[in-house]
Structures are given as C-alpha cells and as structure tokens.
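Visitor: Can you look at this prediction? I've put the sequence above it.
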Amino acid sequence: MKHSIKKIFKNLNIYLLSILLLAVVAIVFIVEQHCSFTKIDILNYQKTVATTLTNMQQTDKRLLAIEFNNQSTLLSNQISKLHNLYRFNFVEKSLLNNEIQYLEDLETLSTLTAVFNKSARDYLLESDNNNTTNKKELNDSFKKITSHIDAMMLRNIFYDEIKFSILEEIAIFSFIFVLFMTFWYRTRLHSIYQDILFLYSVETDKKHYQIFSQEADAISLRMKKGEPANTDLSSMTDQVTGINNYKGMLHAYSNKKGFKESYYRSVTVFEIDNFSKSYRPYSPELTQAILKKVAFTISLHEQTTDIIARIDYNQFAVILSRADKEQCFKDIELIKQSISEITLNLPDKESDTVTVSGGFIIKHKNTHLEEALKQAQELLKRAKENGKNKIFQTKDMIEREL
C-alpha cells in the first residue's frame, strides 16, 4: 500500500502542534509551581512578622509605634499578594476546584490578622509590660493566626502533591508519545527521502525498489511514459492511436491497481456511434484519423491513476480512479462532451461531428477487470439500443426494467 506524502505532512503538522500544546501545559505547571512556592514564602514571612510583633519589647513608645505600624502593615499587605497570586493558579482552579476553600482561608486569615494586630496594639502601645490580660490575648491570637497559616501551608503542600502526580502522568505520556511519534515520522521521512533519491538517480540497479509514497509513484509513472518504447511496450500499444491496447490495459491496471486504494474506480467502454456504417465509404486513412482524434481527446482528460485503451475496432476503455462515485461519472460525461465537439472535414460534405455511446460501472474491489469490462459492454449495448450519444449506468437499466 502506497502512502500519501500530503497526508503524512498534514499529520506531522498536527504532531508538531501537539508538542507545542504539551510545552504550553508544561509552562502552565511551571508558573503554577512558582506561585505555590511564592505562597509558601509569603505564609512563612507572615509567621515571622507575627512572631516579631509578639516578641517586641515595650521600650520607647514612639519608636515602638513606628515599628508596629510597619510590621502590621506588612502583615496585611501579604494577604493581598496571596489574593493576586491565585489568579495564576490555573490548575488548582480547573482541576482541583479549590477556589472556594482558598478564598475562605484568605478571609479567615484576614480576620485573624485584624484581631492579632489589635491585640498587638493593645499590648504594645496601650498597656505596660505587667498587663497579663493583654499579653494573654496577644499570645492567643498569635497561636490562632500561626495555626491557620500552618493549615494553609499543609493544604498547599497537599495540592502540590496532587499537581505533581498529574504532571508526572503527563510527563510519562508525553515522553512515550514523543518517542514513538519521532521514530514513526523518522522512518516515513527517511522513506520519502529514499523515494526522492530513486527518482533522482540515473542508475539502473534499482528496478526492484519498492516506492513508498503515492506522489513518487505517480511521478515514476509519468517518467516511464517518456521512456523510449521497447519491444515489450510496443506489443502493449495500439499501433493506430498510440494508446494502450487490450494487453497494455491489463498490464497498466496491474501496475496501478494498488494506487489510492481508498478511491472509487470506474470502468467505462465507449463506442463511436455508427462508425462502420457512417465511415465505411471513406479511406482507411480517414477512419484511422478519426480513431486517433477520439483517442487523443480521451487522453487529454487522463490523470496519473487513469488508464485508457483501445480494446476493439471502434471501442475504447476508460478506467478512472476518483475520490467519489459522482466525480467518476462527471468526468466520463465530460469526456463524452469533448468527443462530441470533434469536427471532421469529409470529402462529400462540409463537416461532421463524432459522438460516442458508453456503458459505465463502478468496479468493486473483488470484481476482476475482465468481468467489469463485460458489464460495461452490456450497458453499452443497452445505450446503443436507445439512440446515440448516451451513457448508461446500472441504475438506468433498473429504471427501464421497472
């Protein structure tokens, strides 16, 4: 089976976008982890500030007030930083769904901070060292705020463990995916490069090389058309029209039948209408010129995967390979129309036109070419019985029988 270079590069584009997506996911996790470390640092700093305020000594009230205001302001500002940091916790928001819990923790921390600041102010600035009540309130609020900070840090560590396990699975999957796809595409790109070397090479020792890609196979077939005809090729060529004869058609079909296997293949047999009756009085040169014009007109529509042949005196076989059935029939109709535009200059009249009738079928994969040709010739027979310049399909026969 031949592979499409177009499809390989299309999939390669998707693969590269997938790698980019994995890189973006990695960046998101890095940002997330950086925010997590920063939150731990902030919470630790808050504990340090709370400890400093708790252990302050009442000396100069004015200096103490300045120091207290500085430390208590820092304590409150850190909560705003924790709020802002959470905007970048994309994984926690989307996967862990902890936004409500986190905001509640910050609200509790804000409340405890306000209580702690009040207790510290009452003890340090509003009382003396001997006021045990204020000292006890300060110690209680210190324990509550540090306890809550410890709980937040533990929850943060728990979330980090979950995120790490997710990241670990993504990393393992990414490694296996990238490793497999890299070797897979390396093999295919190497095969494509070998196809290019095969087409480029002028050596004759690669006759048994198996072409990998559809495009290289198509180029190879076009190149073979330009090669000088040898004895074997001449036996497969119709001497009048220069296209395939019946033997050449079978040989060409054998070489091309594996090309674009997913496509539909149609078989059509054309016959020039009233050829023997209309052109019998004229010279063989004229009749041969008509056959050449018809063959040339058909060849103008030939694609790389198509096969045309003269299989009888005034019968031509056309084998098309297309992506859908409708396109096969449209192209056959186009060929018929092109033939009807051929103008002949006859000795006993000013001009004449050529028309053809045809039998068209879609060949199934398990149907032999010879059997498909017989079916097409049977449809051709029915088309001729109903006039000229017509193409009959299987559905036309069914409709007429009904």
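Guide: It's in.

Visitor: rest of the way, CA atoms for contacts and neighbours
Guide: OK.

Visitor: Would you mind confirming that Ser338 makes contact with Thr297?
Guide: Yes - with contact defined as CA atoms under 8 Å, Ser338 reaches Thr297; the gap is 6.8 Å.

Visitor: Which residue ranges of the chain form helices?
Guide: Secondary structure of the chain (DSSP state H): helices located at 5-54, 61-85, 90-91, 99-124, 132-200, 214-225, 231-234, 246-256, 275-279, 284-299, 325-340, 369-385, 394-401.

Visitor: Determine the set of other helices and strands touching the third one.
Guide: Under the contact criterion of 3 or more CA pairs under 8 Å, 6 or more residues apart in numbering; DSSP states H and E, the helices and strands touching helix 90-91 comprise helix 5-54.

Visitor: from the middle of its chain, how far away would the helix it packs on be?
Guide: 27 Å (CA atoms, centre = their mean, to the nearest Å).

Visitor: Ok, stretch 240-257 next?
Guide: 36 Å.

Visitor: now stretch 322-330
Guide: With CA atoms, centre = their mean, you get 24 Å for stretch 322-330.

Visitor: Show me which positions of it end up buried.
Guide: Arg322, Cys328, Phe329 (16 or more other CA atoms under 10 Å).

Visitor: One more: stretch 113-132?
Guide: 113-125.

Visitor: Now tabulate these in JSON lines and tack on pLDDT and distance to Gln33.
Guide: What follows is the buried residues of stretch 113-132, written out as JSON lines (pLDDT from 0 to 100; distance: CA to CA, whole Å):
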{"residue": "Thr113", "pLDDT": "89", "distance to Gln33": "26"}
{"residue": "Ala114", "pLDDT": "89", "distance to Gln33": "29"}
{"residue": "Val115", "pLDDT": "91", "distance to Gln33": "31"}
{"residue": "Phe116", "pLDDT": "88", "distance to Gln33": "30"}
{"residue": "Asn117", "pLDDT": "87", "distance to Gln33": "31"}
{"residue": "Lys118", "pLDDT": "87", "distance to Gln33": "34"}
{"residue": "Ser119", "pLDDT": "87", "distance to Gln33": "35"}
{"residue": "Ala120", "pLDDT": "83", "distance to Gln33": "34"}
{"residue": "Arg121", "pLDDT": "83", "distance to Gln33": "36"}
{"residue": "Asp122", "pLDDT": "82", "distance to Gln33": "39"}
{"residue": "Tyr123", "pLDDT": "80", "distance to Gln33": "39"}
{"residue": "Leu124", "pLDDT": "76", "distance to Gln33": "39"}
{"residue": "Leu125", "pLDDT": "76", "distance to Gln33": "41"}
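
Visitor: Widest-spaced pair of those?
Guide: The largest separation in these, counting by CA to CA, is between Thr113 and Leu125 at 17.2 Å.

Visitor: Tell me where the chain is predicted with low confidence.
Guide: For the chain, applying pLDDT under 70 flags the ranges 1, 58-61, 127-131, 201-208, 223-233, 258-261, 348-350, 398-402.

Visitor: switch to 80 and redo it
Guide: 1-2, 56-68, 124-132, 199-209, 218-234, 256-262, 276-282, 345-351, 396-402 (pLDDT under 80).

Visitor: Show me the domain layout of it.
Guide: What automatic domain parsing lists as the domains of the chain is 5-188, 232-401.

Visitor: can you tell which of the ones you listed is closest to Leu221?
Guide: domain 232-401 (7.3 Å).

Visitor: Identify whichever of the helices of the chain lies nearest to Asp306.
Guide: helix 246-256 (8.4 Å).

Visitor: Quick one: list the elements packing against the closest one.
Guide: Using 3+ CA pairs under 8 Å, 6+ apart: helix 246-256 touches strand 307-310.

Visitor: Please compute how far the strand it packs on lies from its chain's middle.
Guide: With CA atoms, centre = their mean, you get 36 Å for strand 307-310.

Visitor: Dump the C-alpha coordinates for it into PDB.
Guide: Presented in PDB, the C-alpha positions along strand 307-310 are these (Å, rounded to 0.1, in the frame of the first residue of the first chain):
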ATOM      1  CA  ILE A 307      -5.900   4.000 -17.800                       C
ATOM      2  CA  ILE A 308      -7.200   4.400 -21.400                       C
ATOM      3  CA  ALA A 309      -7.100   1.800 -24.100                       C
ATOM      4  CA  ARG A 310      -8.500   0.800 -27.500                       C
END
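
Visitor: any chance of the domains of the chain in TSV, with distance to Gln210 too?
Guide: Converted to TSV, the domains of the chain look like this (distance: least, CA to CA, whole Å):
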stretch	distance to Gln210
domain 5-188	14
domain 232-401	12
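
Visitor: of all the ones you listed, which lies closest to Ser213?
Guide: domain 5-188 (6.2 Å).

Visitor: And the closest one, end to end?
Guide: This stretch, domain 5-188, spans 9 Å end to end (CA to CA, to the nearest Å).

Visitor: Renumber starting at 41 from here on
Guide: All set: I'll call the first residue 41, so the last point we hit is now domain 45-228.

Visitor: just how off-centre is that domain within its chain?
Guide: On CA atoms, centre = their mean, the centre of domain 45-228 falls 40 Å from that of its chain.

Visitor: Contacts for stretch 69-87, please.
Guide: If you take CA atoms under 8 Å, 6 or more residues apart in numbering as the criterion, stretch 69-87 is touched by 115, 118, 122, 125-126, 128-131, 186, 189, 193, 196, 200, 207.
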